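[1] 3D model of this:
(7 chains)
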Amino acid sequence: MLAPKRSNLGGNPSQLLPSELVDRCIGSRIWILLRGDKEIVGTLKGFDVYVNMVLEDVIEYEITPEGKQETRLSQILLNGNNIALLVPGGKPEGVV
Amino acid sequence: MLAPKRSNLGGNPSQLLPSELVDRCIGSRIWILLRGDKEIVGTLKGFDVYVNMVLEDVIEYEITPEGKQETRLSQILLNGNNIALLVPGGKPEGVV
Amino acid sequence: MLAPKRSNLGGNPSQLLPSELVDRCIGSRIWILLRGDKEIVGTLKGFDVYVNMVLEDVIEYEITPEGKQETRLSQILLNGNNIALLVPGGKPEGVV
Amino acid sequence: MLAPKRSNLGGNPSQLLPSELVDRCIGSRIWILLRGDKEIVGTLKGFDVYVNMVLEDVIEYEITPEGKQETRLSQILLNGNNIALLVPGGKPEGVV
Amino acid sequence: MLAPKRSNLGGNPSQLLPSELVDRCIGSRIWILLRGDKEIVGTLKGFDVYVNMVLEDVIEYEITPEGKQETRLSQILLNGNNIALLVPGGKPEGVV
Amino acid sequence: MLAPKRSNLGGNPSQLLPSELVDRCIGSRIWILLRGDKEIVGTLKGFDVYVNMVLEDVIEYEITPEGKQETRLSQILLNGNNIALLVPGGKPEGVV
Amino acid sequence: MLAPKRSNLGGNPSQLLPSELVDRCIGSRIWILLRGDKEIVGTLKGFDVYVNMVLEDVIEYEITPEGKQETRLSQILLNGNNIALLVPGGKPEGVV
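    Below you'll find the model as predicted:
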């Protein structure tokens, strides 16, 4: 889950809250590493407090015995439960 | 879970919220990838905040030692807990 | 869990809500696929919001090294947590 | 968990609610299949909303490399989380 | 978790509620089977609604490749999450 | 989680509540067994209701193919979810 | 989760609460051990009550068959669920 409001944990105004970071990603590319070996790159169109995400122009990467398989999908809804880590801006050049 | 209300996370009106996306799928075909190796294609008839789904004209795909097995079912209730990813419009042509 | 009330997610009156589907199954045969390899067919006598189910005239199918084993039980209480998928009307003819 | 009150899901008075079924089992033998390979037969003395159970005159069955092992215990408290399925009346004759 | 109050599930005054059973064990020996292969015997000094337990004069049994290993500890706090089953009075004679 | 208030379960004033035990450990050494094969010894500086813990002068023990590996850390925050068992006073002499 | 408020568990003013420790880490390097074999070092920019974290100048370490692989990322959002242990100040010299 994402805590929406100003986090009442830290009185630290200079914080960049997780929900603010995701909010800034609306409309731009993000790279998502899922639990297990799947990765997803797509344009973030919307999300909710459970970090469920609507993504468009999606590439799903999966490691299979035959190597890294790519599947292209125009629009998906991703269950937030499986997200391990998210990188704003999409997959950096040179990262395998 | 799906957060029903306007997400109080992002003040971003251009967002397409996950619950709105699913709502738009009512009556149309969707492709659901479950945790593990099962997939389901069906017509979405209804859903709730736990993303439990009523689907009709369903094809269940399962990877078995003998290859991909298809089971056709007229109507099912799917437990939302196992949904990893959902693709509006059903399974795209050419995607294995 | 099953969301009991009219889902405040979709403003779509034509929806068939999961809880309504299960409610309609009271008194009739249903086929339940559990997580793992177990299946259950039985007559639904009652359920609650956690999808715990009272079933009668039950056949439990389990895949064992010796093949598919059947156990007949007159009445059971099934923990809703393990339900992956439910098929109203029981197991269709010809489905293995 | 067990939903105690009259389930607000189904307006169906003929329902036998899970909590009512368990309540009727107080004082009688029940057979409990746990997640994994353990089974328990005992007399139900009490339970709570988390389906934790007080059982007496208990036989615990466990599948070990040396075959099915039986342990007899006079009184136990069973954590409800591990219960997959419960059969009122105890283990039927002839069921292995 | 343990439901503290008189269970609003069963109107059955003759019930022995799980929380009452544990409460009666304060000051006496109990045998606890944990998920996995660990067991603990100790004197119960206190517990909370999450079934976290303070135990004294503890023997922890663990099945290792070298056989059953015993560790003696004067006082421990046990996380209630891992408790599968609890036997008031400690480990019965003759039970391996 | 730790239930902070006087447990409304047991009316037993002689109880030593889990939260009271942990509270008494502030400033002293404790030995923590985590799920899996990791152990931690450290001085408890603080904790919260989720049993997240701030520890100082920490030794982390991990069983690796090369034997038991020790890592020394001056200060850590430990996620309470992984704690199986806690021993006030640190690791007893002679315990492997 | 992190309990934000003054922990109502311990009346011990000398406690260093988990949320206070994390708050102090804003703007400095931290070393995070995740469940499984992944580690992350980065500068903490923000966090919420679910311990989701915004980190910058990140190095992700992963143990692969070819040895420890490093991936450098400018900014990430880390799901708090996978955090096992956190070390303020980053990875100490000499720790493998």
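
[2] for chain E, what's its nearest residue on chain A.
    Closest residue of chain A to chain E, C-beta to the nearest C-beta: residue A:81 (19.4 Å). Where C-beta positions appear, they are placed from N, C-alpha and C, glycine not excepted.

[3] who's in contact with that residue?
    Residue A:81 makes contacts with residue A:50, as judged by C-beta atoms under 8 Å, 6 or more residues apart in numbering or on different chains.

[4] need the phi and psi values for it.
    Here is the backbone geometry of residue A:81 (degrees, to the nearest 10): phi -60, psi -30.

[5] pLDDT score for it?
    For residue A:81, the pLDDT comes out at 94.

[6] same check on residue A:5?
    Residue A:5 carries a pLDDT value of 46.

[7] cool, and residue A:25?
    pLDDT, residue A:25: 97.

[8] in its sheet, what does the helix or strand hosting residue A:68 sit against?
    Take DSSP states H and E as the rule and residue A:68 turns out to sit in strand A:67-78. Here strand A:67-78 has these sheet partners by DSSP bridges: strand A:53-64 (antiparallel), strand B:83-88 (antiparallel).

[9] just give the number of residues close to whichever residue of chain A sits closest to chain C.
    Proximity of chain A to chain C (C-beta to the nearest C-beta) peaks at residue A:48, 10.8 Å away. If you count neighbours by other C-beta atoms under 10 Å in any protein chain shown, residue A:48 ends up with 27.

[10] pick out the residue in chain A sitting closest to chain D.
    Going by C-beta to the nearest C-beta, chain D is nearest to residue A:81 of chain A, at 19.4 Å.

[11] in CSV: the strands paired with strand A:67-78, plus mean neighbour count and distance to residue C:36.
    Putting these into CSV (neighbours: other C-beta atoms under 10 Å in any protein chain shown; distance: least, C-beta to C-beta, whole Å) gives the following:
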stretch, mean neighbour count, distance to residue C:36
strand A:53-64, 18, 23
strand B:83-88, 22, 18
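
[12] beta partners for the closest residue to residue A:78 other than its chain neighbours?
    Leaving aside its chain neighbours, residue A:78 sits nearest to residue A:53 (4.6 Å; criterion: C-beta to C-beta, 6 or more residues apart in numbering or on different chains). Note on residue A:53: beta-bridge partners by DSSP bridges are residue A:47, residue A:78.

[13] dump the residue contacts of residue A:53.
    Taking C-beta under 8 Å, 6+ apart as the test, what residue A:53 contacts is A:32, A:44, A:46, A:47, A:77, A:78, A:80, A:83, B:18.

[14] so how far is chain F from the fourth one?
    Read it as residue A:47. 24 Å (C-beta to the nearest C-beta, to the nearest Å).

[15] now swap in residue A:18 and tell me
    Residue A:18 is 17 Å from chain F, by C-beta to the nearest C-beta.

[16] which of the contacts of residue A:53 lies closest to residue C:91?
    residue A:77 (30.2 Å; C-beta to C-beta).

[17] tell me who's in contact with that closest one.
    By C-beta under 8 Å, 6+ apart, the neighbours of residue A:77 are A:52, A:53, A:54, B:18, B:21, B:22, B:85, B:86, B:88.

[18] ditto for residue A:27
    Going by C-beta under 8 Å, 6+ apart, residue A:27 touches A:43, A:44, A:45, B:14.

[19] what is the burial count for the second one?
    When you say that, I think you mean residue A:44. 24.
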